[in-house]
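Engineer: coords below, sequence missing:
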DNA sequence: CTACTGACTGATC
DNA sequence: TGATCAGCCAGTA
């Protein structure tokens, strides 16, 4: 039996990886997907985080896109994106003039 | 089961 | 360097 859609297992893996991102470090959606064995499941990773409730112990703010920028989710109510940047800055992550972070410096590579 | 969407990425223009 | 198109995975209609 093939198990193409991992379902909740996939989400759990995403949460587990994100939870292991050290403070002051960040990861990209694609990197997480590849780490889990999915080469192009970056969108699914973002979906998993989007389902994450507030108050969760998962540091969702440390997950950004490959450009090093925070992905906009709602043009109408993007308060979360602002909060995400503030949280990262509070952790020591510096944003440049283009609102991007230096992935070469802050990207965390899981073992 | 098919179609569309979404916190993405990589290739092309 | 910046915008556009297509591909991929999971979820919902």
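Structural biologist: Right, received. Where do you want to start? Keep in mind that this is a model prediction, so the values were computed, not measured. Numbers count the residues shown, from 1 in each chain, chains lettered A, B, ... in the order given.
Engineer: Closest to the centroid, which residue in chain A?
Structural biologist: Most central in chain A under CA atoms, centre = their mean is residue A:63, positioned 1.9 Å from the mean C-alpha point.
Engineer: give me the beta-bridge partners of it?
Structural biologist: residue A:27 (DSSP bridges).
Engineer: and it, what is it in contact with?
Structural biologist: A:18, A:21, A:26-29, A:32, A:45-46, A:49 (CB atoms under 8 Å, 6 or more residues apart in numbering). C-beta: built from backbone N, CA, C; applies to glycine.
Engineer: top of those by neighbour count?
Structural biologist: residue A:45 (27 neighbours; other CB atoms under 10 Å).
Engineer: mind listing the helices for chain A?
Structural biologist: Here chain A has its helices, by DSSP state H, at A:8-19, A:29-36, A:42-50, A:79-90, A:103-106.
Engineer: List the contacts of the last one.
Structural biologist: Residues external to helix A:103-106 that are found in contact with it (CB under 8 Å, 6+ apart): A:24-26, A:28, A:66, A:68, A:93.
Engineer: Centre of the chain to stretch A:52-63, how far?
Structural biologist: The chain centre lies 9 Å from the centre of stretch A:52-63; the measure is CA atoms, centre = their mean, to the nearest Å.
Engineer: Chain A against DNA strand B: which residues are in contact?
Structural biologist: Within chain A, the positions lying close to DNA strand B (CB under 7 Å from any atom of the strand) are A:28-31, A:40, A:42-47, A:49-50, A:52, A:60-61, A:63, A:65-67, A:71, A:73-74, A:80, A:84.
Engineer: Any of the residues you listed buried? List them.
Structural biologist: A:28-31, A:42, A:44-46, A:49, A:60-61, A:63, A:65, A:80, A:84 (16 or more other CB atoms under 10 Å).
Engineer: Before I go, just wanted to say thanks for your time.
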